[in-house]
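Engineer: Show me the folded form of this:
(one chain, ligands or ions: 4)
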Amino acid sequence: MLQNLTTITQFIIEEQRKSHAATGDFTGLLNDIVTACKVISNGVDKGELIGVLGSAESENVQGETQKKMDIISNDVMLKSNEWAGHLAAMGSEEMDDIYPIPEGYPRGKYLLVFDPLDGSSNMDVNVSVGTIFSILRAPEGVDKPTAADFLQPGTTQVCAGYALYGPSTMMVLTTGQGVNGFTLDKDIGEFILTHRNMTIPADTGEFAINMSNYRHWEPPVRRYIDECVQGKTGPRGRDFNMRWVASMVAEVHRILTRGGIFMYPIDEKLKSKGQGGKLRLMYEANPMSFIVEQAGGMSSTGRERILDLQPNDLHQRVPVILGSKNEVERVVGYHSEG
Ligand code: AHG
Ligand code: MN
Ligand code: MN
Ligand code: MN
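Structural biologist: Ligands and ions are numbered 1, 2, ... in the order given. Take a look at the predicted model:
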């Protein structure tokens, strides 16, 4: 057992060696992200013992009341990743503007965007939360990046991943060569490769959507869910199961484990608030779409492939429909039928 362990660092170094351009910069960056996630995991674990449950008195740029742990996790990500010289700037759900690398630290060639604590409404009820991140290249020759430099389509991501703080803490990531999962062994403080080459089955009998929004949905989404709910005697001729954790990380992880479809579609209520969706393109939809596609799944707004979207704002929101290929294709088909 012991002599066969592969740590996340070893895995990444070996993966990078295969690409001749590797300089060690990327491995260093990933190590700092891993450290940040271990620190966040520790905070999430301790919970009320260290007084990190509950809300802060602030609101973020999304108009959400921030949880104490949203702010702490954001800070941990910044502090862990600002000093080493791998990054030119960072962007986060919890910050209005981009975070340039402070004077006094070297600047590097990558940009990092993250959702420091995904599903943070679950913190106080002791249900799984996570951290989502996406690594982009800073445009060449740009010394001090602006927010506009972050607005690259998801297809340009160098790496995307998430940490899931659940019964086990896990890290799942892709650099465009498949998806691999690592479990944190807290005794030795290392993420160990436990889920090699994760893949999403093309078919599924499980959907995830917040049903309380039913009355606001567009007709194609209603049609799809209506058909699922009708079960064996309906047009699909089979029964479906439903899950809704309200942590995208947990939903995507379930889909990577046993298949499924996850939807946070556009609806009339979101439109009336001027929003293009609920989930954020840069630090939720894009990284998760990269992972899902790399695992053989599909990810769409219902009308377009998410990874092809040209972002127009760091905090842009989009509809998200992702998971098992045949089901996502079906929902996309319903959209194109009108
Ligand atoms: P966050 O906690 O980072 O703001 O993200 C919450 C997101 C996502 O994780 C989840 O799928 C969705 O919001 C839940 O939304 P509802 O509360 O509307 O179900
Ligand atoms: Mn939030
Ligand atoms: Mn989130
Ligand atoms: Mn969040």
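Engineer: hey, let's count contacts and neighbours off CA atoms from now on
Structural biologist: Will do.
Engineer: Now name the helix or strand holding His315.
Structural biologist: Using DSSP states H and E, His315 falls within no helix or strand.
Engineer: isn't it right up against Leu281?
Structural biologist: Yes - between His315 and Leu281 there is a contact under C-alpha atoms under 8 Å: 7.1 Å.
Engineer: These two: who's more crowded?
Structural biologist: Shown here are His315 and Leu281; by other C-alpha atoms under 10 Å, Leu281 has more neighbours (29 against 21).
Engineer: residues from the stretch 151-300 of the chain in reach of ligand 1?
Structural biologist: For the stretch 151-300 of the chain, the contact set with ligand 1 under C-alpha under 6 Å from any ligand atom comprises Asn210, Ala246, Ser247, Met248.
Engineer: Now that we have these, which of them are buried?
Structural biologist: Among these, those scoring as buried are Ala246, Ser247, Met248 (criterion: 16 or more other C-alpha atoms under 10 Å).
Engineer: want to throw those residues into TSV with secondary structure, pLDDT and distance to Leu112?
Structural biologist: Shown next, in TSV, are these (DSSP: H, G, I helix; E, B strand; the rest coil; pLDDT from 0 to 100; distance: C-alpha to C-alpha, whole Å):
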residue	secondary structure	pLDDT	distance to Leu112
Ala246	coil	98	24
Ser247	coil	98	21
Met248	helix	98	19
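Engineer: ok, of these, which one's closest to Lys68?
Structural biologist: Ser247 (16.9 Å; C-alpha to C-alpha).
Engineer: Kindly indicate which of the buried ones among the residues of the stretch 151-300 of the chain next to ligand 1 lies nearest Thr146.
Structural biologist: Nearest to Thr146 among those, with distances taken as C-alpha to C-alpha, is Met248, at 28.0 Å.
Engineer: Pretty sure the closest one sits against Ser120.
Structural biologist: No - in this structure, Met248 is not within contact of Ser120 by C-alpha under 8 Å, at 10.3 Å.
Engineer: This structure: helices as residue ranges?
Structural biologist: 8-18, 25-46, 68-81, 219-230, 248-258, 268-272, 286-294, 325-336 (DSSP state H).
Engineer: Could you work out which of those helices reaches nearest to Arg303?
Structural biologist: helix 325-336 (6.2 Å).
Engineer: OK, contacts around the residue nearest to His86 when sequence neighbours are not counted?
Structural biologist: Nearest residue to His86, sequence neighbours excluded (C-alpha to C-alpha, 6 or more residues apart in numbering): Gly108, at 4.1 Å. With contacts defined as C-alpha atoms under 8 Å, 6 or more residues apart in numbering, the neighbours of Gly108 are Gly85, His86, Leu87, Ala88.
Engineer: Mind checking which of these are in strands?
Structural biologist: Leu87, Ala88 (DSSP state E).
Engineer: ok so, going back, any idea how far the residue nearest to His86 lies from Asp143?
Structural biologist: Separation of Gly108 from Asp143 (C-alpha to C-alpha, to the nearest Å): 9 Å.
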